[in-house]
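[1] Got a predicted structure plus its sequence, pasted below:
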Amino acid sequence: MYEAEVNNSIESIETLPADIRRRFAESRDRIAARTILPWGEHCTECVWPTCYTTCELYTPRQDGACRLFVDGMVRVDHKDGLSPYLLKIRFKQWGKLWTVGNLQLQPLEKAGAHERFNIMVGALARNAPLPAPIKPRLLRKVNYLRRISAENNPATEQPPDAFLLECYNPNTHDVALTLTVRAVLEQAQPFQTMISVPPGYTRAEVPFADISRLVDLHQPFEVEIIPNETDGTVLYFGLIDFVKHRQRAGSDTGAVPPPVKWKCIVWDLDNTLWDGVLIEDGSERIRVRQRVLDVIKQTDQRGILHSIASKNGHDEAMQVLRLAGADSYFLYPQIAWQPKSRSIAKIAELLNIGVDSMVFVDDQAFEREEVKAVLPEVRVIDAADCLTIPDRPECDVPVTVESARRRLMYREQVERQSVLESHKGDYLEFLRQCRLQLGMAPLDDTNLKRVYELAQRTNQLNFSGNRYPEATLVDMMRSAFLETSVIDCSDRFGSYGIVGFAVVDTREPRLLDLMFSCRIQGKRVEHAVLAHLLKRFVEDKGHDFHASYRRTPKNAASGRVFDEIGFECVGEAGGVLALVFKRGRDIPDDRIVKIETERDGSLVSTT
């Protein structure tokens with residue numbers, strides 16, 4: 001369900017390719033019931049309602065809320081689908097799909113009638129002949145009542161089977177969507193997963209058990225979907241709701257439910273993935289079993305992940321796999337002298353999946369029984385039977401939804417996590433291994449637009465609360481005494497792009513502004529930038545260095561950086577703290593981030 005009262009754009013289903021229309025229509029016989037989540041457009045950096053007056057990127061809708069999708073939610077009627085229409089969305093830089101959650105399942109026909117009623121009420125509210133000041137209030141009231149109704153709908157007795165997302169990607173490249181489900185009333189760990197949407201049609205299901213394992217869905221909760229590539233991305237969404245699968249013909253309530261699809265196969269190594277025992281035979285005599293490797297490759301193409309639980313030396317075992325060209329298939333391999341149940345539990349935690357969707361393959365009966373005793377939800381298979389794995393119903397998954405791309409999406413995070421684990425929880429050393437690098441260049445015409453957006457949207461790491469208009473930024477750029485720094489960030493895993501902006505009044509000197517995208521939160525970037533500025537103005541020029549910090553509920557946690565660096569509070573006026581770092585004090589430097597600055601046309605590198 002969508003915000004029909006503020007969206008009146010409609011496109012014909014005939015604009016979509018015929019095969020895509022068929023794909024959206026082919027699932028009606030598979031789904032018995034669905035929820036009706038009230039999806040709307042929302043902002044990734046929302047601080048409602050103050051952002052309506054402080055953010056220059058605020059674009060009002062008919063109801064006064066902010067327009068975060070370029071054309072709103074464009075309706076594409078499709079009576080044969082799971083939902084009676086599709087939603088065409090062109091995302092802006094900061095836009096996300098957001099909804100309050102509920103678990104009230106309704107039969108498809110009843111849900112469809114509810115959807116059509118929502119469209120009718122929306123049209124009446126939108127077209128009501130009311131005075132201009134009253135119309136937005138009516139539209140907001142309709143939105144509020146729809147959301148409250150959904151939020152208060154009691155859950156049905158039987159829980160859903162999965163969260164289902166249908167999407168058509170008309171682009172020529174993959175789009176990654178981040179799905180987040182979080183409790184509203186408590187600061188608990190949210191459920192989060194990434195869904196890869198290749199060009200064409202995608203039907204992705206996230207098992208309900210995986211979500212409910214982390215989030216108490218009996219309490220108020222919310223759901224959001226954010227494309228990692230937001231600016232101008234066009235996607236068509238079909239059903240995005242919790243669903244209950246239809247029972248197969250001939251089944252009854254006492255029938256055995258269909259098997260849980262396997263998400264990850266965990267492999268032993270010795271006499272399972274290869275012939276021989278590594279510690280006894282040595283790597284030169286070990287031979288990887290090609291037929292087992294073929295099983296891994298075949299299931300990998302179906303999007304089933306793979307990992308390792310083996311009692312061996314990590315480096316020696318991985319070297320054997322590298323020589324066989326097989327190491328890249330395994331995510332978060334746990335190769336250590338510990339119980340294999342512990343290794344499997346760790347893999348499930350890192351992949352953020354339930355152990356009931358995992359299978360363990362080992363040639364030793366002792367190891368299989370140990371896992372069964374500690375993790376009874378995990379399916380165990382004798383290595384002698386592993387060649388039948390691709391033919392099992394648990395591996396019967398549609399390739400168009402799950403593909404090799406799913407494994408690749410984990411690779412970057414796997415590499416980061418492996419570095420962290422190798423340092424036994426020493427997070428600062430992990431960051432050093434990431435080889436974080438910052439570029440600091442003056443504000444100019446090439447980066448002005450990105451800094452403007454950053455200033456308008458950044459909340460958690462914005463230490464002044466300023467929302468600079470473009471004209472003000474241009475004045476800063478031309479000022480003889482304001483030193484501006486546009487900050488970009490990268491690490492050995494990739495680039496984060498422009499992530500920060502700093503302004504220093506060189507006459508005092510005083511830090512007037514410092515803001516960062518939350519993408520680099522926790523990476524010590526703000527510490528490095530402050531230390532760099534202190535070296536420049538305190539150590540090199542012998543001045544005290546002042547800073548202005550407007551503390552807010554959003555930036556209070558990140559504002560501790562000033563205390564950690566060594567600033568002292570010397571006053572407060574109008575909610576703004578006056579801070580000073582006095583000359584002669586030691587400037588802390590954890591030597592995590594390398595900084596390259598551009599001043600007067602030359603580059604200078606520091607650490």
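    Yep, that arrived.
[2] hey, let's count contacts and neighbours off CA atoms from now on
    Will do.
[3] State the number of residues packed around residue 394.
    16 (other CA atoms under 10 Å).
[4] pLDDT averaged over the helix or strand hosting residue 433 - what is it?
    Using DSSP states H and E, residue 433 sits within helix 427-434. The pLDDT scores in helix 427-434 average 78.
[5] Repeat that for stretch 277-286.
    Across stretch 277-286, pLDDT averages out at 88.
[6] next one: stretch 44-60
    Mean pLDDT, computed over stretch 44-60, is 69.
[7] So which residue is smack in the middle of this protein?
    The residue lying closest to the centre of the chain (CA atoms, centre = their mean) is residue 178, at 3.8 Å.
[8] So it is in contact with residue 225, correct?
    Yes. Using CA atoms under 8 Å, residue 178 makes contact with residue 225 at a distance of 5.6 Å.
[9] For the stretch 301-450 of the chain, which segments count as strands?
    Using DSSP state E, counting those that start in this stretch, the strands of the stretch 301-450 of the chain run over 305-310, 334-335, 358-362, 379-382, 436-441.
[10] mind listing what the nearest residue to residue 428 once chain neighbours are set aside touches?
    Once flanking residues are discounted, residue 428 sits nearest to residue 592: 7.4 Å by CA to CA, 6 or more residues apart in numbering. Contacts for residue 592 were tallied using CA atoms under 8 Å, 6 or more residues apart in numbering; they are 428, 431-432, 435-436, 524, 528, 607.
[11] before we move on, what about residue 19?
    By CA under 8 Å, 6+ apart, residue 19 lies in contact with nothing.
[12] and it, helix, strand or coil?
    Following DSSP: H, G, I helix; E, B strand; the rest coil, residue 19 is assigned to helix.
[13] so where's the stretch 451-600 of the chain shaky on pLDDT?
    Applying pLDDT under 70 to the stretch 451-600 of the chain flags residues 456-462, 493-494, 518-519, 554, 599-600.
[14] can you give me the strands for it?
    So, for the stretch 451-600 of the chain - with DSSP E, counting those that start in this stretch - the strands run 482-491, 494-505, 510-516, 545-550, 568-573, 576-581, 593-599.
[15] Identify whichever of these lies nearest to residue 75.
    Closest approach to residue 75 among the strands of the stretch 451-600 of the chain (CA to CA): strand 494-505, 33.9 Å.
[16] Model confidence at residue 256, what's the number?
    Reported pLDDT for residue 256: 44.
[17] swap in the one 5 residues further on?
    At residue 261 the predicted local confidence, pLDDT, stands at 74.
[18] Leaving out sequence neighbours, find the closest residue to it.
    Of all residues not flanking residue 261 in the chain, residue 394 sits nearest, at 4.4 Å (CA to CA, 6+ apart).
[19] And residue 107, by the same measure?
    Leaving aside its chain neighbours, residue 107 sits nearest to residue 33 (4.2 Å; criterion: CA to CA, 6+ apart).
[20] C-terminal to the regular element (helix or strand) spanning that neighbour, what's the next element?
    Secondary structure from DSSP H and E places residue 33 in strand 31-34. Remark: after strand 31-34, the chain's next helix or strand is strand 40-43, criterion DSSP H and E.
[21] Contacts only, for the closest residue to residue 572 other than its chain neighbours.
    Distances taken as CA to CA, 6+ apart place residue 578 nearest to residue 572, at 5.7 Å, with adjacent residues excluded. Taking CA under 8 Å, 6+ apart, we find residue 578 in contact with 546-549, 569-572.
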